[in-house]
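> Return a 3D structure for these sequence lines:
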Amino acid sequence: MCALSYEHKQKISNTLKHRWKHKKHHMIGKKLPESTINKLKGRIPWNKGLTTETDNRVKKYVEFGRKTKLKLYKKGKIIVWNKGLKGIHLSPKSEWKKGNIPWIQGKKHSRESIECMKKSQNTPKMQKIKYDNQFNKKRPKISGSKHWNWKGGISKINRTDRENITNTIEYKMWRRAVFERDNYICQVCDIKGNIINAHHINMYSLFPSERFEINNGATCCEGECHNYFNKLSRETVKRTVSVGGN
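The predicted model follows:
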């Protein structure tokens, strides 16, 4: 028998991968019957209590796993996160010292301490911080000139005119009104729950007087649905121009 070439082997493996990719396992979404569960109960695994020193089978499996891992490391398919960092102390002050024992080792939190931790997480202050972080709300204590990264308000200068308008209260109110009117449902695919945008039916650049009109807005998903709306608006503009020219 002639040996298969590397390219031939790769082709076979790719076809098998593609075949098994679309095949679902027969046990997905199912439970084992009680008879098989009762059979498995109390069964002792063959390698329980065995080590590489006491059993040759375990030794073979361990050596095989090491060899395959070494092969992958040599080929460059597995890259170790700490490669080239031998002997370098990344955080000598905070790193774990050898021989240190954690204070909670072998202990458990009491019921009182658990309740105190729950209460501390449910305080109005903590709830407000969670809510602000979730909806990207501004916190006056660390916003604007009070923030440590404040550079004198250069973001307004660097922004475009449209970006400055989208940060106004009028635009945000218009956007919310469009979403509430459409019940946060995309007007292209009729799906609720995706990331949504408020699209201008009449183009934003060509119709400045209709920028904040609710009837000029439509809710759409970010991506394909929004691109579909943009394509439609461009086509309508082309038609009106062609009609006007004729």
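
> Pick out the residue nearest the middle of this protein.
Nearest to the mean C-alpha position of the chain, by CA atoms, centre = their mean, lies residue 195 at 13.2 Å.

> so how far is residue 192 from the closest residue in space to that residue that isn't next to it in sequence?
Among residues not flanking residue 195 along the chain, residue 222 sits closest, at 4.4 Å (CB to CB, 6 or more residues apart in numbering). Yep, even glycine has a C-beta here, placed from its N, CA and C like the rest. For residue 222, the distance to residue 192 equals 14 Å [CB to CB, to the nearest Å].

> do the same with residue 13
Taking CB to CB, one finds residue 13 at 42 Å from residue 192.

> neighbour count winner among those two?
Neighbour count, other CB atoms under 10 Å: between residue 13 and residue 192, residue 192 has more, with 13 against 10.

> quick one: the more buried one and residue 219 touch, right?
No. If you go by CB atoms under 8 Å, residue 192 and residue 219 don't touch, sitting 9.6 Å apart.

> which residues do those two both contact?
184-186 (CB atoms under 8 Å, 6 or more residues apart in numbering).

> which one of these is nearest residue 104?
residue 184 (44.9 Å; CB to CB).

> Not counting its neighbours along the chain, what's nearest that closest one?
Of all residues not flanking residue 184 in the chain, residue 192 sits nearest, at 5.7 Å (CB to CB, 6+ apart).

> Likewise for residue 126?
Nearest one to residue 126, counting by CB to CB, 6+ apart, is residue 120 at 6.9 Å.

> Go ahead and name everything in contact with the host helix or strand of the one you found.
If you go by DSSP states H and E, residue 120 is part of helix 111-121. With contact meaning CB under 8 Å, 6+ apart, helix 111-121 is reached by 109, 126.

> sec struct for residue 152, please.
Classification of residue 152 using DSSP: H, G, I helix; E, B strand; the rest coil returns coil.

> Please apply the same query to residue 198.
strand.

> And residue 35, by the same measure?
Assigned by three-state DSSP, the conformation of residue 35 is helix.

> That one: how many residues sit nearby?
8.

> cool, residue 221 as well?
22.

> Likewise for residue 30?
8.

> what's the distance between it and residue 36?
Distance check for residue 30 against residue 36: by CB to CB, it reads 12 Å.

> ok, now residue 142?
For residue 142 relative to residue 36 (CB to CB), the value is 59 Å.

> same check, this time on residue 141
61 Å.

> Only C-alpha atoms, please: export stretch 38-49 in CSV.
Provided in CSV are the C-alpha atoms of stretch 38-49 (Å, rounded to 0.1, in the frame of the first residue of the first chain):
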residue,chain,number,x,y,z
ASN,A,38,-29.5,3.1,37.9
LYS,A,39,-26.8,1.0,36.1
LEU,A,40,-24.3,3.8,36.2
LYS,A,41,-24.9,4.6,39.8
GLY,A,42,-22.3,3.0,42.1
ARG,A,43,-20.0,2.1,39.2
ILE,A,44,-16.4,2.8,40.1
PRO,A,45,-14.2,4.3,37.3
TRP,A,46,-11.4,2.0,36.1
ASN,A,47,-8.6,4.5,36.9
LYS,A,48,-9.8,5.5,40.5
GLY,A,49,-6.9,5.5,42.9
